[in-house]
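Show me the folded form of this:
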Amino acid sequence: MRTYLLGAVLAALALPAEANKVFVSNERGNTVTVIDSDSWEVIAEFPAGNRPRGITISPDGTRVYVCASDDNLVRVFDAETYEELPSLPSGPDPELFVLHPSGNPLYIANEDDNLVTVTDVETRQVLAEVPVGVEPEGMGISPDARFVVNTSETTNMAHFIDTADYAIKHNVLVDQRPRYAQYSADGSKLFVTSEIGGTVSVMEIDDDGAPELVHKIGFEVPGVLPEWLQPVGAKITRDGKWLFVALGPANRVAVVDAKSYEVTDYIMVGQRVWQMDFTPDEQFLITTNGNSNDVTVIDVAAKKALRSIQVGQQPWGVIVQPDM
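Okay, here's the model as predicted:
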């Protein structure tokens, strides 16, 4: 009996790991495209409401959440069958959101209403509405889930919202039109991209979660007009060594040494690169390229683009299913 069980365990360990699904929201196509991360083939596409933008997935990988901006709600889908589940209230014009590490609640930026809406994903009830600056967009959450950060495009600020009482405890002025907020895995740093300012603001975070602006990363590419260098999405590796920044109409992803803040390389991708996500093992980084209607797969270790994959019309957001 023991021999049989040992053999079964060894056989299971020898099986190749299942591929992760990559979900891409297509803003103009009103769909979500699904890609297999092993074959890099498109395996499905399903309707996702009107103007789907922000997209995320539950920690257990079973539910996909999509900001249906023109429907004024968050649509929810089964990650296996793509069946639509009961939707969530979001406030008007949801654009980006971030999920609590536990999987509940969801913190949603309402671009047209200058609010961050907090929604319980199980009861489908709004828990709070937090007034923030003008045109809120970017959302980030600290690894300890103590603070949610919202970036407001017109106010040019990062607002630090305490998740215990939904009060704004800190405001940090950044450059023009901040788009995205990304914490390092250890919570010691926060990176905020500014699309029109053309920079990434670097903040050091103290033990109480308070930020201090310490540096601004700029970009320069020979032959590319400065106004085309528009930082949008950003992702940092878990080891805190490398920061990748999507540069919008520059059609490049910047590779930044996250310790020295030196830009070490630029990776050519598709047209108007917007958002990005890693595969769970961080072997690959997938970018959405809105004007070429494709995604680019980047080899993270080699810092090299491997392939492009056609998806729906004007891809905006991307999320990779976690290991299950």
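
just for the stretch 1-150 of the chain, where's the confidence low?
Per-residue confidence of the stretch 1-150 of the chain (counting by pLDDT under 70) places the weak regions at 1-18.

Going along the chain, name the strands of it.
Secondary structure of the stretch 1-150 of the chain (DSSP state E, counting those that start in this stretch): strands at 21-26, 31-36, 42-47, 52-57, 63-68, 73-78, 84-89, 94-99, 106-110, 115-120, 125-131, 136-141, 147-152.

With mean neighbour count added, can I get those in TSV?
For every residue, glycine as well, the C-beta is placed using N, CA and C. Shown next, in TSV, are the strands of the stretch 1-150 of the chain (neighbours: other CB atoms under 10 Å):
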stretch	mean neighbour count
strand 21-26	26
strand 31-36	23
strand 42-47	15
strand 52-57	24
strand 63-68	25
strand 73-78	21
strand 84-89	16
strand 94-99	25
strand 106-110	27
strand 115-120	22
strand 125-131	15
strand 136-141	24
strand 147-152	27
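
Would you format the ones you listed as TSV with distance to Arg177 included?
Supplementary listing: those in TSV, determined by distance: least, CB to CB, whole Å:
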stretch	distance to Arg177
strand 21-26	21
strand 31-36	26
strand 42-47	31
strand 52-57	16
strand 63-68	19
strand 73-78	24
strand 84-89	27
strand 94-99	13
strand 106-110	14
strand 115-120	18
strand 125-131	20
strand 136-141	9
strand 147-152	9
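
from memory Ser25 sits against Val32, does it?
Yes: taking contacts as CB atoms under 8 Å, Ser25 lies within contact range of Val32: 5.6 Å.

returning to that earlier point: for Thr264, find the nearest of the strands of the stretch 1-150 of the chain.
Between Thr264 and those, the shortest gap by CB to CB is with strand 136-141, which sits at 23.7 Å.

circling back to that earlier point, any common contacting residues for Ser25 and Val32?
By the contact definition CB atoms under 8 Å, 6 or more residues apart in numbering, Ser25 and Val32 are jointly contacted by Ala48, Pro52, Ile55, Val66.

which of these sit farthest apart?
Comparing all pairs in the shared contacts of Ser25 and Val32 by CB to CB, the longest separation belongs to Ala48 and Ile55, at 8.4 Å.

and for the two, which residues touch both?
Common contact partners of Ala48 and Ile55 (CB under 8 Å, 6+ apart): Ser25, Val32, Val66.

Count the neighbours of the closest residue to the second one other than its chain neighbours for me.
In space, not counting the residues next to it along the chain, Val32 is nearest to Ala48; the distance is 4.4 Å by CB to CB, 6 or more residues apart in numbering. Residues lying near Ala48 (other CB atoms under 10 Å) number 28.

before we move on, back to that, please convert the shared contacts of Ala48 and Ile55 to CSV, extending it with distance to Lys304.
Rendered in CSV, the data for the shared contacts of Ala48 and Ile55 read as follows (distance: CB to CB, whole Å):
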residue, distance to Lys304
Ser25, 26
Val32, 27
Val66, 30
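
of the residues you listed, closest to Arg179?
Each of the shared contacts of Ala48 and Ile55 was scored against Arg179 by CB to CB, and Ser25 proved nearest at 15.9 Å.

residue boundaries of the helices in this protein?
Under the criterion DSSP state H, the chain carries helices at the ranges 2-14.

Tell me how far Pro315 lies from Pro178.
Remark: distance between Pro315 and Pro178 (CB to CB, to the nearest Å) = 22 Å.

what do you get for Arg252?
In this structure, Arg252 lies at 20 Å from Pro178, with CB to CB as the measure.

which of the two has more neighbours?
Neighbours around Arg252 and Pro178, counted as other CB under 10 Å, are more numerous at Pro178. The numbers are 34 against 23.

Which pLDDT value belongs to the more buried one?
With respect to pLDDT, Pro178 scores 98.

Can you verify my assumption that it contacts Asn150?
No: the pair Pro178 and Asn150 does not pass the contact test of CB under 8 Å, sitting 9.4 Å apart.

residues shared between the contacts of these two?
Any residue near both Pro178 and Asn150 by CB under 8 Å, 6+ apart counts here, and that gives Glu137, Gly138, Ala158.

Just want to check the distance between the second one and Ala145.
The span separating Gly138 from Ala145 equals 17 Å under the rule CB to CB.

for the first one, same thing?
In this structure, Glu137 lies at 21 Å from Ala145, with CB to CB as the measure.

what does the last one give?
Summarising the geometry, the distance separating Ala158 from Ala145, computed by CB to CB, is 17 Å.

same deal with Gly290?
Computed as CB to CB, the Gly290 to Ala145 distance reads 31 Å.

Looking at these two, which is more packed in?
Neighbours per residue (other CB under 10 Å) separate Gly290 from Ala145, with Gly290 holding more: 22 against 14.

Compile the shared contacts of Ser25 and Val32 into JSON lines and extend it with columns for distance to Ser201.
Supplementary listing: the shared contacts of Ser25 and Val32 in JSON lines, determined by distance: CB to CB, whole Å:
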{"residue": "Ala48", "distance to Ser201": "32"}
{"residue": "Pro52", "distance to Ser201": "28"}
{"residue": "Ile55", "distance to Ser201": "25"}
{"residue": "Val66", "distance to Ser201": "28"}
